[in-house]
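[1] 3D, please:
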Amino acid sequence: MDSLHPVSIATSNAPMGGQMSRETFIHANIVYGLSLEVAIHGLVTLFLKLTSSDVRNGKKFRSLAVLLVMGNVSAIIYVLGCVYRGSFVESNCVGLSIVTTLASHLFYFSFDAVILFKCYHLTNKNKYVTMCIWLILANRVGWIISDMVLSYGFWIPDFAFCAFSQDPITGPGSNISDIISDCFATLTALVITFFRFSLSSRYIQVMVLRTILRSLLVVAMNILVMYMNIEPPNPFWHFFAWNLRAYVLLRMLNLDILLDLGEIKESTRSGSDSDGRKSGSTQQPLVVPSSSQIFKAATMESRRASRIVKG
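    As a prediction, this is how the structure comes out:
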């Protein structure tokens, strides 16, 4: 059974049974369409931020932007490969299967790298956390290499269909590796937050809420996909689970940058209204607040509160 990539059209002898109808195939791919919208929106937003003078020279943001671009671009390739797998022909079946598999791994690896990148800066580049991050990423790379070697696409002449042979070990292993990455980043962020900063700060509250929300959704999607690989009720729900996972991971990958853009637009609109249509007003630049900036603001807020109490 394909335990890493969803089959785009189940053949009549598929282990899940039956052939997926055209209507079911279209309904399942609606979520993939939403995923493409999120990925393209994320790339456009990144471009706008990178052209902003305030972040053009920001080394930390440029590093994060590279990971976000790689994640969004590879997700687009992966989604298109899954949607059009039924259109693969014998001459390109093996090659396009390799491209789709590699794109899926790059997408998941980029997501892991982004959350671990934030964890790295959140802990002020702690050497023990850094060692753990490198071990987690090395483990994920190992699963990527193993799956690329052991899993492959092949052509079935009787059904004129490009099938995919998924190794039964590397598929679940990759999913578990992704869960480990997210749980480590989440637990580390929460421990650092609870021990170093005041939970009364609105900056900390927002960060904790985003972190917990992301972790719950990501872990839930990975568990759902693993369950559907073991006991799929029918081809539709197996396919739909993978589509939903791609959408959730893309949404979480671009969560901070898209939420920050919405907050910037709102603050810019409020500022222009309060200025009473001043002709010389300038638009607020697009800047992504880093974790260190959030914590600095939270620390200053806590210190001001303690001085007030002492006074």
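[2] report the buried residues of the helix or strand containing Cys132.
    Using DSSP states H and E, Cys132 sits in helix 127-150. Across helix 127-150, burial judged by 16 or more other Cβ atoms under 10 Å covers 129, 132-133, 136-137, 139-140, 143-144, 147. In this view, the C-beta of every residue, glycine as well, is placed from N, C-alpha and C.
[3] C-terminal to it, what's the next element?
    strand 152-156.
[4] now the next helix or strand after that next one and strand 152-156, what's the angle there?
    The helix or strand immediately downstream of strand 152-156 is strand 161-165, counting by DSSP H and E. Going by axes from the mean of the first three to the mean of the last three Cα atoms, to 10 degrees, strand 161-165 is angled at 140 degrees with respect to strand 152-156.
[5] helices of the stretch 201-311 of the chain, start to end?
    Per DSSP state H, counting those that start in this stretch, the stretch 201-311 of the chain carries helices over the ranges 202-230, 235-253, 255-274, 291-310.
[6] what helices or strands is the second one leaning on?
    With contacts taken as 3 or more Cβ pairs under 8 Å, 6 or more residues apart in numbering; DSSP states H and E, helix 235-253 sits against helix 22-50, helix 59-83, helix 93-122, helix 202-230.
[7] send the alpha carbons of stretch 150-170 over as PDB?
    Extracted in PDB, the C-alpha atoms of stretch 150-170 (Å, rounded to 0.1, in the frame of the first residue of the first chain):
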ATOM      1  CA  LEU A 150      13.200   2.000  -1.900                       C
ATOM      2  CA  SER A 151      10.000   3.600  -3.300                       C
ATOM      3  CA  TYR A 152       9.400   4.000  -7.000                       C
ATOM      4  CA  GLY A 153       6.800   4.500  -9.700                       C
ATOM      5  CA  PHE A 154       6.000   1.900 -12.400                       C
ATOM      6  CA  TRP A 155       3.700   1.500 -15.300                       C
ATOM      7  CA  ILE A 156       0.800  -1.100 -15.400                       C
ATOM      8  CA  PRO A 157       0.100  -1.800 -19.100                       C
ATOM      9  CA  ASP A 158      -3.200  -3.700 -18.400                       C
ATOM     10  CA  PHE A 159      -4.700  -0.600 -16.700                       C
ATOM     11  CA  ALA A 160      -2.600   2.100 -18.600                       C
ATOM     12  CA  PHE A 161      -1.900   3.500 -15.100                       C
ATOM     13  CA  CYS A 162       1.200   4.900 -13.400                       C
ATOM     14  CA  ALA A 163       1.300   3.100 -10.000                       C
ATOM     15  CA  PHE A 164       3.500   3.700  -7.100                       C
ATOM     16  CA  SER A 165       5.300   1.100  -5.000                       C
ATOM     17  CA  GLN A 166       5.800   2.500  -1.500                       C
ATOM     18  CA  ASP A 167       8.200   0.900   0.900                       C
ATOM     19  CA  PRO A 168       6.200  -0.200   4.100                       C
ATOM     20  CA  ILE A 169       8.900   1.100   6.400                       C
ATOM     21  CA  THR A 170      10.000   4.400   5.000                       C
END
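[8] contacting residues around Tyr32?
    Tyr32 makes contacts with 79, 82-83, 243, 246-247, as judged by Cβ atoms under 8 Å, 6 or more residues apart in numbering.
[9] ok, 6 Å please
    Neighbour list for Tyr32: 79, 83, 243 [criterion: Cβ atoms under 6 Å, 6 or more residues apart in numbering].
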